[in-house]
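1. dropping a prediction and its sequence here:
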2 protein chains.
Amino acid sequence: MKTLIVHAHPEPQSLNSSLKDLAVSTLENAGHEVRVSDLYAMNWKAVVDAADYGPHASSPLKVALDSGRAFDAGTLTPDVLTEQEKLLWADTIIFQFPLWWYSMPAILKGWVGRVLTHRFTYRFAYGVGEHSDTKYGERFDAGTLAGRRALLSVTAGGPESHYAARGINGPIDDLLFPIHHGILYYPGIEMLPPFVLYGTDRMTGEDYPDVAKAWEQRLLTLESTEPIAFRRQNFGDYEIPSLHLKEGLEPAGSTGFRLHVRG
Amino acid sequence: MKTLIVHAHPEPQSLNSSLKDLAVSTLENAGHEVRVSDLYAMNWKAVVDAADYGPHASSPLKVALDSGRAFDAGTLTPDVLTEQEKLLWADTIIFQFPLWWYSMPAILKGWVGRVLTHRFTYRFAYGVGEHSDTKYGERFDAGTLAGRRALLSVTAGGPESHYAARGINGPIDDLLFPIHHGILYYPGIEMLPPFVLYGTDRMTGEDYPDVAKAWEQRLLTLESTEPIAFRRQNFGDYEIPSLHLKEGLEPAGSTGFRLHVRG
């Protein structure tokens, strides 16, 4: 495998950083190539603004349009171009981050917003992606990053029961759906089931050996892990162009995000 | 009303900025007080790091713990203290932002992460919030920002059907749940139903008068708008400490995030 690890925690001695380091050594020892984007160490610019698009920023700024024009013209900033090159190099991407306020840290959201530009991540709009009675642009399993697989490795401070089906925070699969499906599956990346550690606010060094063992096992079985079976957009499951799921495809009683997983 | 508008768009001539400006003038003309946090104009620091906690940053850094200690000691940075003061001043908070990659822009996520510190937003953990057989800390309708109401005003590029109950993006209420419930209801803020504009990628100046009229109507009826009926944490709906919703409280067939709305 060629694995890119995108890491978002400010403290090198944190649990998140330990998991990142363990991923590097475990994968390299198993003969895989690994590259790391340590966003805090890189002092990653988190905020999307006109400076990202150089001479292709229009006035007034149009974020989506300008990001696509700058991509086409090759005038995105060097930090963004480097990350896009890493994504094209990788076949596997691991995102390592703490669940802060039920989602990713701002620095990682800023990586998403600046790196996953129009035209890089999907051939949608501007006349490139086909729009017809059977196709609504090339996205959701048909994007330019298709063929890649990704995994979220997430730490949550609270106990697992709070993230269960009836837990007060909502089910972890639903909390992660906008990242799994909305951000990463959109440009075609297949998502592996996440590696989630709960109760990390109360975790001590004594807990770490078990955590490390579980993480190593996930890492060493990545290649044989089945991805989440998100539905494909353009292959008959959805009405075009409403993109409503056709009636009757889901298991009885399914609603919400779950509709978009097969079987 | 005393309204704080937290605004997150880089372009002063954007639809988002127009909606922000319209909110200011509409509310002021109706006799309300308004303050604005224009995050891009303020050059808001988006990234949570040790610099936020000054001398109270421990080594290794503990984000949650250190943020609470710095709050208690009064050593949070001036930009954060100013935002906390605005939140305490306000009885109504409007968040104006574009839905980027199915959530808020990084600069706004960074406002959440840096402003809503431990001890400011909830008296949870560290021995302050009571933990007992009937109470699990003061949060979800019992936090330190209780008595306030908030509204998300959001623009979405795609068409409304994609965000409907069976739409491919998932229902908008589910996409916004982690913000409504996880971020804002957690410290006690009541959430009003969101104001969502769809299809903004294809909107033109000709569409704006209707949009403006709809927004003005929402703004002028905020005081009489019923909040989303999220369940209270410590008043019998949840098992303590698992925080599982007790069986049988939900309408038949409800699952996922919807469980946590009454009725």
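-> Now that the structure is in, tell me what you want to look at.

2. is stretch A:98-112 positioned near chain B?
-> Yes - contact check for stretch A:98-112 against chain B, using Cβ under 8 Å from any Cβ of the partner chain: residues in range are A:Pro98, A:Trp100, A:Trp101, A:Tyr102, A:Ser103, A:Met104, A:Pro105, A:Ala106, A:Ile107, A:Lys109, A:Gly110, A:Val112. (Each C-beta comes from the backbone N, C-alpha and C, glycine too.)

3. just the buried ones among the residues you listed, please.
-> Those of the residues of stretch A:98-112 next to chain B that meet the buried threshold are A:Pro98, A:Trp100, A:Trp101, A:Tyr102, A:Ser103, A:Met104, A:Pro105, A:Ala106, A:Ile107, A:Lys109, A:Gly110, A:Val112, by 16 or more other Cβ atoms under 10 Å in any protein chain shown.

4. for A:Leu259, list the residues it contacts.
-> Residues in contact with A:Leu259, defined by Cβ atoms under 8 Å, 6 or more residues apart in numbering or on different chains, are A:Leu245, A:Glu250, B:Arg166.

5. for beta bridges, what are the partners of the nearest residue to A:His180 once chain neighbours are set aside?
-> Counting by Cβ to Cβ, 6 or more residues apart in numbering or on different chains, A:Met191 is the residue found nearest to A:His180 once chain neighbours are left out, at 4.5 Å. For A:Met191, the residues forming beta bridges with it (DSSP bridges) are A:Ala150.

6. just give me the neighbour total for A:Met191.
-> Summarising burial for A:Met191: neighbours were counted as other Cβ atoms under 10 Å in any protein chain shown, giving 22.

7. and for the one 5 residues further on?
-> Using other Cβ under 10 Å, A:Val196 has 18 other residues around it.

8. okay, the host helix or strand of A:Trp215 in CSV with CA atoms only?
-> Counting by DSSP states H and E, the element that carries A:Trp215 is helix A:208-220. The C-alpha trace of helix A:208-220 is given here as CSV (Å, rounded to 0.1, in the frame of the first residue of the first chain):
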residue,chain,number,x,y,z
TYR,A,208,-2.4,2.1,25.9
PRO,A,209,-1.0,-1.4,25.2
ASP,A,210,-4.5,-2.7,24.5
VAL,A,211,-5.3,0.3,22.3
ALA,A,212,-2.1,-0.1,20.4
LYS,A,213,-2.8,-3.7,19.8
ALA,A,214,-6.2,-3.1,18.4
TRP,A,215,-4.9,-0.3,16.1
GLU,A,216,-2.1,-2.5,14.8
GLN,A,217,-4.6,-5.2,14.0
ARG,A,218,-6.7,-2.8,12.0
LEU,A,219,-3.7,-1.5,10.2
LEU,A,220,-2.4,-4.9,9.2
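
9. ok, that helix near chain B or not?
-> No - for helix A:208-220, no contact with chain B is found by Cβ under 8 Å from any Cβ; the gap never falls below 13.9 Å.

10. just how off-centre is that helix within its chain?
-> Relative to the mean C-alpha coordinate of its chain, helix A:208-220 is positioned 21 Å out (Cα atoms, centre = their mean, to the nearest Å).

11. repeat that for stretch A:229-244.
-> Using Cα atoms, centre = their mean, the mean C-alpha position of stretch A:229-244 is found 21 Å from that of the whole chain.

12. name the surrounding residues that touch that stretch.
-> With Cβ under 8 Å, 6+ apart as the test, stretch A:229-244 has contacts from A:131-136, A:138-142, A:180-181, A:185, A:191, A:245-246, A:249, A:260-263, B:159, B:161-162, B:164, B:166-169.

13. filter those residues down to the buried ones.
-> With neighbours counted using 16+ other Cβ under 10 Å, those contain these buried positions: A:136, A:138-142, A:180-181, A:185, A:191, A:245, A:260-261, B:159, B:161-162, B:164, B:166-169.

14. circling back to that earlier point, max pairwise distance over the residues of stretch A:98-112 next to chain B: which two?
-> Put simply, by Cβ to Cβ the two of the residues of stretch A:98-112 next to chain B set farthest apart are A:Tyr102 and A:Gly110, 17.5 Å from each other.

15. with secondary structure and pLDDT as extra columns, can I get the contacts of A:Leu259 in TSV?
-> What follows is these, written out as TSV (DSSP: H, G, I helix; E, B strand; the rest coil; pLDDT from 0 to 100):
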residue	secondary structure	pLDDT
A:Leu245	strand	97
A:Glu250	coil	93
B:Arg166	coil	97
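
16. okay, now the unreliable bits of the stretch 51-200 of chain A?
-> Screening the stretch 51-200 of chain A residue by residue with the criterion pLDDT under 70, one finds the ranges A:123-131.

17. which residues does the longest helix seen in chain A contact?
-> Secondary structure assigned by DSSP state H gives helix A:15-29 as the longest helix of chain A. Contacts to helix A:15-29, defined as Cβ under 8 Å, 6+ apart, come from residues A:1, A:3, A:5, A:7-9, A:11, A:34, A:36, A:38, A:94, A:96-98, A:153, A:155, A:197, A:200, A:203, A:208, A:211-212, A:215-216, A:219-220.
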